[in-house]
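[1] Here is my input, please return the structure:
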Amino acid sequence: MALIPVELGARAYCVHVGDRLLEGIGDLAGDVLNSYRAGGRPVPVVVDGNARRLHGERLAAGLAAAGLEPSWYDIPPGEAAKSWQGLAALVDWLLAQGVERGDHVLALGGGVVGDLAGFACAIVKRGCGLVQLPTTLLAQVDSSVGGKTAINTAAGKNLVGAFHQPAMVIADLGALDTLPMREMRAGYAEVLKYGLLGDAAFFAWLERDGSAVLARDRAALEHAVATSVGAKAAIIAEDEHERTGRRALLNLGHTFGHALEAQTGFGERLLHGEAVAMGMVLAARYSARLGLLPAAEAERAARAIAEAGLPAVLADLSLNCDGRALVDHMRHDKKMEGGTLPFILLRGIGTAFVARDIDPDDVARFLDEQLTGS
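    Residues are numbered from 1 along each chain as shown. Next comes the predicted model:
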């Protein structure tokens with residue numbers, strides 16, 4: 001098992017990465033669950049239907065071994081659960097469960113579960129504890145770490161939320177055995193991101209051994225998840241609330257990617273990780289267009305993404321829009337500052353930076369070229 005610290009002073013916590021960790025939750029999280037044991041109360045678990053069906057029995061067995069039992073709160077799979085109505089219903093349930101400020105709620109599932117449960121924990125009684133139990137690769141390497149929580153509104157995705165760090169993250173690699181390959185690839189896009197934005201050696205390792213990660217080889221998978229989490233933890237420790245620009249590097253591929261998600265309706269047509277993958281290709285190629293990155297390096301990034309079975313050619317998505325429409329989606333991005341939108345671009349594999357002087361008209365022209373394959 002790998003143990004990765006997230007250094008945040010008094011709010012520091014650890015990310016546990018290993019196999020069959022849900023069965024051992026009593027040992028790993030026993031201290032933070034003591035309030036339930038002492039009070040003879042069940043442990044609140046927020047879960048979606050898929051995660052409960054696939055992993056609920058293992059978690060229940062782990063709790064039982066520690067003298068605890070779960071109280072389940074099921075949410076439907078998918079982004080629709082991250083709504084005002086979904087948040088209100090969950091908050092009411094937590095209050096009915098008698099959750100106290102010193103208690104910790106378990107979030108078992110992917111990013112949607114973690115986002116919704118995390119935001120609810122941020123506001124219930126002005127903040128109660130949270131333990132993230134991510135069951136997708138995307139959640140294990142990205143959304144479960146760092147404290148970002150949010151819901152979606154009519155104005156856009158993740159526009160209402162709070163920073164609320166978990167007490168711990170338990171990333172059980174065994175949960176990935178049941179993950180559909182498409183979801184596995186979508187999560188792998190975020191793994192590639194960490195190599196592209198700040199670790200050339202890790203990116204080279206993924207070029208060589210990424211197929212083993214996707215095949216769920218335990219040693220390769222643990223290395224990939226632990227390295228990704230370590231990279232994110234280091235950035236978060238420097239810039240927890242995204243105020244200095246350092247944490248913004250984690251948005252590599254996301255400005256383009258969110259526009260693609262918006263154009264496709266934030267649904268199954270284009271998963272978040274797939275959009276980020278395509279977004280990273282666009283960021284690399286746009287960096288090359290500006291003369292910041294050698295064209296060969298941009299194509300190296302695109303090749304690694306394509307070889308993982310992820311989208312790497314914008315024209316293949318058949319979006320039925322022009323570059324201006326995608327740029328208009330970007331204008332609604334929550335990262336807008338002073339009317340301008342920062343882009344995360346590349347000066348090399350492993351060297352990302354924040355660009356704040358990008359001409360949106362030029363981005364639109366670039367996207368028109370990519371949309372037509374010219």
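[2] can we go C-alpha only for contacts and neighbour counts from here?
    OK.
[3] So which bits of the lengthiest strand in the chain are buried?
    When the chain is scanned for its longest strand (criterion: DSSP state E), the result is strand 156-163. Residues of strand 156-163 classed as buried: G156, K157, N158, L159, V160, G161, A162 (neighbour count, 16 or more other CA atoms under 10 Å).
[4] got these as a markdown table, with pLDDT columns?
    Output for these, formatted as a markdown table (pLDDT from 0 to 100):
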| residue | pLDDT |
| --- | --- |
| G156 | 79 |
| K157 | 81 |
| N158 | 88 |
| L159 | 88 |
| V160 | 96 |
| G161 | 97 |
| A162 | 97 |
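[5] what's the most distant pair in those?
    G156 and A162 (15.6 Å; CA to CA).
[6] tell me how far stretch 155-174 is from the chain's mean position?
    8 Å (CA atoms, centre = their mean, to the nearest Å).
[7] same deal with stretch 276-296?
    Counting by CA atoms, centre = their mean, stretch 276-296 comes out at 22 Å from the chain centroid.
[8] Other residues contacting that stretch?
    186, 189-190, 193, 252-258, 297-299, 301-302, 305, 310-314, 344-348, 363, 366 (CA atoms under 8 Å, 6 or more residues apart in numbering).
[9] quick revisit: contact partners of the longest strand of the chain?
    So strand 156-163 is contacted by 119, 122, 147-153, 241, 332-334 (CA under 8 Å, 6+ apart).
[10] Apply 10 Å and report the result again.
    Strand 156-163 is contacted by residues 79, 82-84, 115-116, 118-123, 146-153, 240-241, 258, 261-262, 266, 329, 332-335 when judged by CA atoms under 10 Å, 6 or more residues apart in numbering.
[11] Kindly report the same for stretch 201-214.
    181, 184-185, 187-188, 191-197, 200, 216-225, 227-228, 300-301, 303-305, 307-308, 349-350.
[12] Can you flag which of the residues you listed belong to helices?
    In helices, defined here by DSSP state H, the members of the contacts of stretch 201-214 are 181, 184-185, 187-188, 191-197, 200, 218-225, 227-228, 300-301, 303-305, 307.
[13] quick one on the thing from earlier: now the buried members of the contacts of stretch 201-214.
    184-185, 187-188, 191-197, 200, 216, 220-225, 227-228, 300-301, 303-305, 308, 349-350.
[14] Spell out the secondary structure type for the closest residue in space to E7 that isn't next to it in sequence.
    Ranked by CA to CA, 6 or more residues apart in numbering and with sequence neighbours excluded, the top spatial neighbour of E7 is A237, at 5.5 Å. Secondary structure, DSSP: H, G, I helix; E, B strand; the rest coil: A237 is helix.
[15] With only the CA atoms kept, save stretch 75-83 in CSV.
    What follows is stretch 75-83 as a C-alpha-only set of coordinates in CSV (Å, rounded to 0.1, in the frame of the first residue of the first chain):
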residue,chain,number,x,y,z
ILE,A,75,-28.2,8.8,-5.3
PRO,A,76,-28.7,8.1,-9.0
PRO,A,77,-25.6,7.7,-11.1
GLY,A,78,-24.8,10.7,-13.3
GLU,A,79,-24.3,14.5,-13.2
ALA,A,80,-28.0,15.1,-12.7
ALA,A,81,-27.6,14.2,-9.0
LYS,A,82,-25.4,17.3,-8.5
SER,A,83,-28.3,19.7,-8.3
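[16] Report the buried residues of the least confident helix or strand in the chain by mean pLDDT.
    Within the chain, no helix or strand scores below helix 34-39, which has a mean of 86 by mean pLDDT, DSSP states H and E. Neighbour counts using 16+ other CA under 10 Å place N34, S35, Y36 of helix 34-39 among the buried residues.
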